[in-house]
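Student: pasting the sequence and the predicted model now:
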Amino acid sequence: MRHVDLAITAAFVIPVEPAGVLHGHTVLVDAGRIVAIASPEVAGRDFLPRTRIDLPRHALLPGLVNAHTHSAMSLMRGIADDLHLDDWLRGHIWPREARFVTPEFVYDGVLLAAHEMLTGGITCCNDMYFYPDAAARAYQASGLRAVIGLPVLDFPTPYASDGDAYLQAGLAARDAFKYAPRLTWMMAPHAPYTVGDAMFDKIVTFARQLDLPIQTHLQETRGELEASLAATGETPLARLDRLGATGPGFVAIHAVHLGPGDRDRLAAQGCSVVHCPASNMKLANGIAPVIELVAAGINVALGTDGAASNNRLDLFAEMRLASLIAKVATGDAAALPAAEALHMATIGGARALSLDDRIGSIVAGKEADLIAVDMGELADAPVYDPISHLVHVTSRERVTDVWICGERIVRDRRLTTVDVAALAGRVGLWQQKLA
């Protein structure tokens, strides 16, 4: 009989890969990793856990992966709603960032976002914002797994004076935290229209030398695509492909408006796309061609974008929106079924972030990033298909428990790693300043 740290038995265990639902099975965890998924009979015969948890009305599934967000911008939630993207950025967001964004702002904003994400079943996020060293400290304090983007722009901000200064500051942050077990890093040029060719050449060089993936906002608006075609005759993606930025580690965020040959480029280079349906809708940017991307064999993940544009860091909502939008866009009620939406929010996100060998599915050998979702509430009853139920019926409020590397971060809907009252006080002070 093998001694293990933890045995979790749930009404439904949803591995994601392989697809399907295991009824009444047990997930065994030791030293932070999944060691087996077994029937209760086999688990009781072959394993002796130090801790047993029985969840007779829950689904146990991999932690959700938020493949794109700007966590610190949670402090700007709802500050400038119902505006066009350009007006939102230039008239409201960028002026406030110039005045108020500091390491302290980022630390508190990331903690606020981590609280929201963890209690909503998100165990890993992909962040892109200023002061990544402050973000790293906040992620470590919260316990959330994070991929931290090293931001690069060609214009000055309080964080850095020019592209080279952004690179230096970002790489210094990575060096300071490169051995943190739950943190990984990406190069994060903001967008093709804010970063020039010379700086992209440097980014590609560092990415190849340091084995860092590249993420960037890409063709979020029709205007971005049309301006590029008018100026150079090539799409922004074609330009980045020419500069050597694309490849299996390249993450195209949004990709709402694809131009001639773009889908084939993404597929040929093994790139991933992050679909952000709520943000795309709220800023009226359009509907991303997700069904075409999936049909072409392109890995598609789900992201919330930041709370300043989306208002919520809620992947349960994004899963449902992604499925519904795909049906409306194609006129096909069978498009993007619930299982595919769940795949995008779990292993699809892990694959986009080059973490699919570690997280994203309940498989022996992977790290134990798990969430328990209460499926027994009368308001949600009855449950015929647990996977469809997770996407189309339940919500993040039904998440009761969260484990990262086998550590119980959320217990009975309460985050155990953060002083919530103290954080709420600091958030109130930031609100007074930003308002």
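Tutor: Cool, got the structure. Numbering: from 1, shown residues only.
Student: residue nearest the centroid of this structure?
Tutor: Asn66 (1.6 Å; Cα atoms, centre = their mean).
Student: and the helix or strand hosting that one, what other elements does it pack with?
Tutor: Using DSSP states H and E, Asn66 sits within strand 64-69. Using 3 or more Cβ pairs under 8 Å, 6 or more residues apart in numbering; DSSP states H and E as the contact criterion, the secondary-structure elements in contact with strand 64-69 are strand 122-128, strand 250-254, strand 272-275, strand 299-302, helix 315-330, helix 347-352. From N, CA and C alone the C-beta is placed, and that goes for glycine too.
Student: looking at the ones you listed, which is nearest to Asp54?
Tutor: Comparison of these against Asp54 by Cβ to Cβ identifies strand 122-128 as nearest, at 21.5 Å.
Student: what is the orientation angle of the closest one with strand 250-254?
Tutor: Angle of strand 122-128 versus strand 250-254, following axes from the mean of the first three to the mean of the last three Cα atoms, to 10 degrees, is 90 degrees.
Student: partners of strand 122-128, with directions?
Tutor: Next to strand 122-128 in the sheet, as set by DSSP bridges, lie strand 64-69 (parallel), strand 145-152 (parallel).
Student: export only the CA atoms of the next helix or strand after that strand, formatted as CSV.
Tutor: Proceeding C-terminally, strand 122-128 gives way to helix 132-142 as the next helix or strand, assigned by DSSP H and E. Coordinates of the C-alpha atoms in helix 132-142 are reproduced here as CSV (Å, rounded to 0.1, in the frame of the first residue of the first chain):
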residue,chain,number,x,y,z
PRO,A,132,6.4,42.6,-13.3
ASP,A,133,8.6,42.3,-10.2
ALA,A,134,5.8,43.7,-8.1
ALA,A,135,3.3,41.4,-9.8
ALA,A,136,5.6,38.4,-9.1
ARG,A,137,5.7,39.3,-5.4
ALA,A,138,1.9,39.5,-5.3
TYR,A,139,1.5,36.2,-7.1
GLN,A,140,3.8,34.5,-4.7
ALA,A,141,1.9,35.9,-1.7
SER,A,142,-1.4,34.7,-3.1
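Student: let's have the chain start at 55 instead
Tutor: Taking 55 as the first residue, the last one we looked at is helix 186-196.
Student: any idea of the mean pLDDT for the longest strand belonging to the chain?
Tutor: In the chain, assigned by DSSP state E, the strand with the most residues is strand 101-116. Taken as a whole, strand 101-116 has a mean pLDDT of 98.
Student: now for that strand, which elements pack on it?
Tutor: Strand 101-116 packs on strand 56-67, strand 80-84, strand 424-428, helix 440-446, strand 453-458, going by 3+ Cβ pairs under 8 Å, 6+ apart.
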